[in-house]
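1. whatever this is, show me its structure:
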Amino acid sequence: CVCRSGFSRVRPGLCERRNNRPPTRRPSSNNSGGGSSSPFNDGRRQGERAANWLWTKMGGKCADTLGDFERRVRQDIRNRGWDGNGSNWRERSFNQGVRDGMIDVVKEKQRQCLHDNPSECIDL
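-> Next comes the predicted model:
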């Protein structure tokens, strides 16, 4: 038998109203108003998280990690396969977003670390 609209099949011969069951999809946390996120934006957020995690893992100190950070980010992009184009537009867009997000974090850390602060020079 087929359940009518608004109902889902619980077992053969028994239909149940859908709103009695928990939602199967998480609501979008994107506040852009569109209701869904693009693969590029998803990739950008993942790239930013990955680069920030890498920065923290490396110690998070400008004097110790800045020179090696960009190299490690590029290596991480290659190791995770984000340097490739992908087989469809979603993968290509996601990969580009990841790369952009990670490079943005590198630029931000460089900006933070290379500002004119005399104490940084003393630490080096």
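
2. name the residues that touch the longest helix along the chain?
-> Assignment by DSSP state H gives helix 89-113 as the longest helix of the chain. Outside helix 89-113, the residues that touch it by CB atoms under 8 Å, 6 or more residues apart in numbering are 38-48, 50-52, 55, 62, 66, 69-70, 73, 76-77, 80, 82-86, 120. In short, each C-beta sits where N, CA and C put it, glycine included.

3. quick one: buried residues of it?
-> Within helix 89-113, the residues that qualify as buried by neighbour count (16 or more other CB atoms under 10 Å) are 91-99, 101-103, 105-106, 109, 113.

4. mind listing what's buried in stretch 51-62?
-> Neighbour-count burial for stretch 51-62 flags Ala51, Asn52, Leu54, Trp55, Cys62 (criterion: 16+ other CB under 10 Å).

5. check the first one and give its pLDDT.
-> Spelled out, that is Ala51. pLDDT for Ala51: 94.

6. mind listing what it touches?
-> Val73, Asp76, Gly101, Met102, Val105, Val106.

7. in CSV, list those along with distance to Leu14.
-> Formatted as CSV, those follow (distance: CB to CB, whole Å):
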residue, distance to Leu14
Val73, 54
Asp76, 50
Gly101, 47
Met102, 50
Val105, 52
Val106, 56
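
8. so can I have JSON lines of those residues showing distance to Pro12 and pLDDT?
-> Below are the contacts of Ala51 laid out as JSON lines (distance: CB to CB, whole Å; pLDDT from 0 to 100):
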{"residue": "Val73", "distance to Pro12": "54", "pLDDT": "92"}
{"residue": "Asp76", "distance to Pro12": "50", "pLDDT": "92"}
{"residue": "Gly101", "distance to Pro12": "48", "pLDDT": "96"}
{"residue": "Met102", "distance to Pro12": "51", "pLDDT": "94"}
{"residue": "Val105", "distance to Pro12": "53", "pLDDT": "93"}
{"residue": "Val106", "distance to Pro12": "57", "pLDDT": "91"}
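
9. phi and psi next, for Gly43.
-> Reported as degrees, to the nearest 10, the phi and psi values for Gly43 are phi -60, psi -40.
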